[in-house]
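Colleague: sequence plus the predicted model coming up.
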Amino acid sequence: MIRCGGIVVCGGRGTRMGIPKVRLPFGDEPMLARIVRRLSVVTHPVVVVAAVDEPLPPLPAGVAVAHDRSPGCGPLEGIAVGLRHLQHEVEAAYVTSCDVPGITPEFVRYMIDRLGTDDVAVPKEGEFYHPLAAVYRTSVLTDVEQLLAAGQRRPYFLLGRVAVREVTTDELRTVDPELRTLHNLNQPDDYRQALEREGLPIPAGWDAAFSAENPPRPTP
């Protein structure tokens, strides 16, 4: 297996949740720590990419934190920062968002194995790509930086200029039958459903407030 690091791209203030997503409680740990822990089973080292002023929960020892150079440039900026941080340590990196608590090591390992000699391995669901559940060679950093300099901030533009291995969701169901790794959280109800899927209790202060019209305000 190639040497592969991990990148967790943070973003969003969690306004619809009422609390930053990275701090959402899952069992006895915040969501970001859960994702880092699971990603670390397969990848090393792991870097979390966040805005300069973004408050993060405590993270496992050895996890690096890097910061966006240009706030508001979207996930491609986060990918660039992460790849730059890891480029001298690994050949590739699995990139995930910070709001997929169902991420499984088996999914990550499968995606890394699919990279082969290509530059990017990315899940594809119909015509839709999942660039924040994909593996990127660190060698694509130059392409990413060129795109950002040209104002092309969508990861989709990168897929049009490098060698890509498309991995269908049908393939991925062999290791992640419910595709939990691709379930990101946007609304309070997404959070409730994720807790139920993972068999975890609803934290105190949230049970009576799960609705998009009335975001919860849990007790700190």
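Modeller: Done, it's in. Numbering: from 1, shown residues only.

Colleague: so what's the residue count around residue 204?
Modeller: By other C-beta atoms under 10 Å, 9 other residues sit near residue 204. Where C-beta positions appear, they are placed from N, C-alpha and C, glycine not excepted.

Colleague: and it, what are its phi and psi?
Modeller: phi -60, psi 140 (degrees, to the nearest 10).

Colleague: buried residues, the particular helix or strand that has residue 171 in it. List them.
Modeller: If you go by DSSP states H and E, residue 171 is part of helix 169-172. Buried positions in helix 169-172, judged by neighbour count with 16 or more other C-beta atoms under 10 Å: residue 172.

Colleague: state the mean pLDDT of the following helix or strand past it.
Modeller: Next helix or strand after helix 169-172 toward the C-terminus (DSSP H and E): helix 188-197. For helix 188-197, the mean pLDDT works out to 91.

Colleague: please apply the same query to stretch 42-60.
Modeller: 92.

Colleague: tell me how far it lies from the chain's centre.
Modeller: Distance of stretch 42-60 from its chain centroid, counting by C-alpha atoms, centre = their mean, to the nearest Å, is 11 Å.

Colleague: now do stretch 149-156
Modeller: Offset of stretch 149-156 from its chain centre (C-alpha atoms, centre = their mean): 18 Å.

Colleague: please apply the same query to stretch 104-120.
Modeller: 14 Å.

Colleague: hmm, who's touching it?
Modeller: 1-2, 4, 6, 38-39, 41-43, 92, 94, 96, 121, 123, 133-137, 139-140, 158-159, 162-165, 167, 171-172, 174-176, 180-181 (C-beta atoms under 8 Å, 6 or more residues apart in numbering).
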